[in-house]
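Participant: Give the three-dimensional model of this entry:
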Amino acid sequence: MLFNYMFVNQDDHSRNFSFMCDESFKWKAMPAYDITFSKGEKQTREHQLSPYGKVLSDIGLEDVVTLDTEFDISLKVVAEALEKMQALRAKELPELLEQYGVSKKKQKQVLEELNKRNLQRSCGTLEGYRNLKHY
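Facilitator: Numbering: from 1, shown residues only. Here you go, the predicted structure:
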């Protein structure tokens, strides 16, 4: 969910998740696939997921903390993942867009949309998630 939020993957839906049952009947998630920037019209205008009745683009840090707590996910792990994604967006993604010959127009669109996703709805800036590591 956070990757989709941070990288504006709005075409993520239930057919993009897979689980495998092993011989002892234990389920585990399979590697992610069909992950790409998709901000467009119709079904990709907004993400399919609506945590707490909010569209994904409107979630705030308090929603992330609530979800993590409800599903017993370590806030430290989430904070570290958010930090890595933020660094990737800031440094590596622009380089990769250039390296793979993405048009300047599309690069601008992608980076502008990504920069809108910063969890500011609650804590002022994405920097607020760093405080989660103290939980």
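
Participant: And the helices in this structure, which stretches?
Facilitator: Under the criterion DSSP state H, the chain contains helices at 2-7, 61-70, 75-87, 93-99, 104-116.

Participant: For the first one, name the packing helices and strands.
Facilitator: What it means is helix 2-7. helix 75-87 (3 or more CB pairs under 8 Å, 6 or more residues apart in numbering; DSSP states H and E). For the C-beta atoms, the positions are set from N, CA and C on the backbone; glycine is no exception.

Participant: buried residues in the lowest-mean-pLDDT helix or strand in the chain?
Facilitator: Least confident helix or strand, the chain: helix 2-7 with a mean of 84, by mean pLDDT, DSSP states H and E. Buried residues in helix 2-7, counted by 16 or more other CB atoms under 10 Å: 2, 4-7.

Participant: and which of those residues is nearest L49?
Facilitator: In terms of CB to CB, no member of the buried residues of helix 2-7 lies closer to L49 than N4, at 7.3 Å.

Participant: Test my guess that that closest one contacts L49.
Facilitator: Yes: with contacts counted by CB atoms under 8 Å, N4 reaches L49, the gap being 7.3 Å.

Participant: Setting the sequence-adjacent residues aside, check what's closest to Q107.
Facilitator: In this structure, Q107 finds its nearest non-sequential neighbour in L97, 4.6 Å apart by CB to CB, 6 or more residues apart in numbering.

Participant: Roughly how far does the one you found sit from L61?
Facilitator: Here the criterion is CB to CB, to the nearest Å. By it, L97 lies 27 Å from L61.
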